[in-house]
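Novice: Predicted model and sequence follow; I will ask about them next.
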Amino acid sequence: MKILLVNPPRSPHNAILAHAPEHARRFIHRRLVGPPLGLLTLAAAVRDHEVELLETKGIYDLDANAPSLDALVRSAISLRLPDVVGVTVIASEFPAAMTILHVVKEIDPTIVTVAGGLHATLCPGDFDHPDIDVVCPGMANRTFPAIVAAIEEHQPLDGIGGIGVRREGRLRWNAGSVDTGDPAGSDYLAPDRRHVAPYLKTYMVGNGQGPATYLFTSLGCPFRCTFCSIWPQFGGRVHTRSVESIVGELLQLDEYPIVRFADANTVVDTAFVDALFTRIIAEGIRKEFIMDMRMDTIAGNPGLVEKLARGGLKVVICGFESFRQEELLAYRKHADVANVDEAVGVLHRNGIQVRGNYIVPPDYDVADFDALAEFAGQRAVAFAGYTILTPMPGTVFYEQAKPRIIDDDPAKYNFFNCVMQSRLPIDEFHARVGGLWAIRKGLEVI
């Protein structure tokens, strides 16, 4: 079987960047840096077949004048003649994904199209479209190989639990649930990173000493922040890999000097992370690590943070979210504003660069922006990011915010566009969020 896996391009919509003052624009990030870990895992799951990756993000990052998405897909289909095309989808990339799937069907209606990823998991009803043959929600480490095997053997897909299959012109859902097995344990598959070899130059971060890759130590999150789509994806459960599994994978990443832990929150179990870095240090693994940590975890575990620094932790991405306790409570963040200063102090004492992220609600007025600017300006983080509180489909906040949503274009649901009614005129709101990005105590851009 010939299989083409496609990573859609990023949404082109970034109203913060478009309206930001000129002096702030260089600090506003335009992309996340790292390979499509999910697709690389699927590539490993079906490695006995002819698998190719169309990494459109990498293509457009390397060549701003690359052909249109339509032309890229047409070329890839003509060159590879795949039997199956799989596309991963998040909300803001949904329109691009649908373009990809439409072009595939236009070229050859017999190609089986499969849609998966976060948006297919949380909003499967959005995929009832003639250009989609199969919808694969959840972790597809077992499901996708089963789909491919059934297609190869010309067998019906009815026996594969939890997937959507187009029958008689409608998307119909198979009985049962998706079989994910133990995706972080006995069923863990190391991503087949060979497929991103042509795009390594797009994964440069920091001072450009070498490419970065993602590696996950756990899936899911035990916290219940209203704006987050990660814990709903895993039903509030956390799946943690073994220390041996993680160390074994790290030892295979010689070409990647920088490793970004692709976890919602790397330090959920402090004892586990302590044991992991004991092994990293003992094995002599020399990497620069980037991880997400909660500010209360950092503040409450200074000894662990010191050990992580000795093991190579260089950058921590920390969701400060707000400077107001009442907003943290509304987000169900379960942290204290005082933790911001405590966490920053712990990280700075250990030479760890801090990226502190704030969420800006659409109902902020001028006084609110001024207060946030004053608070952020007094926190000496190397880099602060400011995104817009967005009701991501499938989250608790989406249900809460429905009456205030004024823009249903999924391509704008990337935290850089206000899709709810704002208190200030919308252009002024975006400009003020953009201006916040210039509040800095360092020059490093992560």
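Specialist: That came through, no problem.
Novice: How far does the least confident helix or strand in the chain by mean pLDDT sit from its chain's centre?
Specialist: In the chain, no helix or strand scores lower on mean pLDDT, DSSP states H and E than helix 230-233, which sits at a mean of 87. Distance, stretch centre to chain centre, for helix 230-233: 12 Å (C-alpha atoms, centre = their mean, to the nearest Å).
Novice: just checking, what packs against that helix?
Specialist: When contacts are defined as 3 or more C-beta pairs under 8 Å, 6 or more residues apart in numbering; DSSP states H and E, helix 230-233 sits against helix 118-122, strand 218-220. Placement of C-beta: from N, CA and C, glycine included.
Novice: what bits of the stretch 201-350 of the chain have low per-residue confidence?
Specialist: Along the stretch 201-350 of the chain, the model assigns pLDDT under 70 to residues 206-208.
Novice: Could I get the full set of strands for it?
Specialist: Along the stretch 201-350 of the chain, counting by DSSP state E, counting those that start in this stretch, strands occupy 212-215, 218-220, 238-240, 258-261, 288-292, 313-321.
Novice: what sits up against the longest one?
Specialist: I take that to be strand 313-321. By C-beta atoms under 8 Å, 6 or more residues apart in numbering, the list of residues contacting strand 313-321 from outside reads 206, 288-295, 298, 305, 327-328, 331, 333, 335, 340, 343, 347, 350, 352-359, 379, 446.
Novice: could I get the strands of the stretch 201-350 of the chain as TSV with mean neighbour count and distance to Pro191?
Specialist: Shown next, in TSV, are the strands of the stretch 201-350 of the chain (neighbours: other C-beta atoms under 10 Å; distance: least, C-beta to C-beta, whole Å):
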stretch	mean neighbour count	distance to Pro191
strand 212-215	23	8
strand 218-220	22	13
strand 238-240	18	16
strand 258-261	23	12
strand 288-292	22	17
strand 313-321	22	21
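Novice: Please name whichever of those strands is nearest to Leu62.
Specialist: strand 212-215 (15.6 Å; C-beta to C-beta).
Novice: and the closest one, what does it pack onto?
Specialist: Taking 3+ C-beta pairs under 8 Å, 6+ apart as the contact cut, strand 212-215 packs with helix 243-250, strand 258-261.
Novice: Could you point out which of those sits nearest Thr213?
Specialist: Among those, strand 258-261 comes nearest to Thr213, with 6.1 Å by C-beta to C-beta.
Novice: The closest one: how far from the chain's middle?
Specialist: With C-alpha atoms, centre = their mean, you get 14 Å for strand 258-261.
Novice: swap in stretch 250-260?
Specialist: Relative to the mean C-alpha coordinate of its chain, stretch 250-260 is positioned 19 Å out (C-alpha atoms, centre = their mean).
Novice: in it, what's buried?
Specialist: Neighbour counts over stretch 250-260 (16 or more other C-beta atoms under 10 Å) mark Leu250, Leu253, Tyr256, Pro257, Ile258, Val259, Arg260 as buried.
Novice: Just give the closest residue to the fourth one, not the sequence neighbours.
Specialist: Excluding the flanking residues, the one nearest Pro257 by C-beta to C-beta, 6 or more residues apart in numbering is Gly210, at 4.0 Å.
Novice: check contacts around that neighbour.
Specialist: The contact partners of Gly210, by C-beta under 8 Å, 6+ apart, come to Met204, Glu255, Tyr256, Pro257, Ile258.
Novice: ok, so of the residues you listed, who is nearest Glu244?
Specialist: Nearest to Glu244, judged by C-beta to C-beta, of these is Tyr256 at 19.5 Å.
Novice: what's the most distant pair in the contacts of Gly210?
Specialist: Between any two of the contacts of Gly210 (C-beta to C-beta), the greatest distance is 12.4 Å, for Met204 and Glu255.
Novice: overlap in contacts of these two?
Specialist: Jointly contacting Met204 and Glu255 under the rule C-beta under 8 Å, 6+ apart are Gly210, Pro211.
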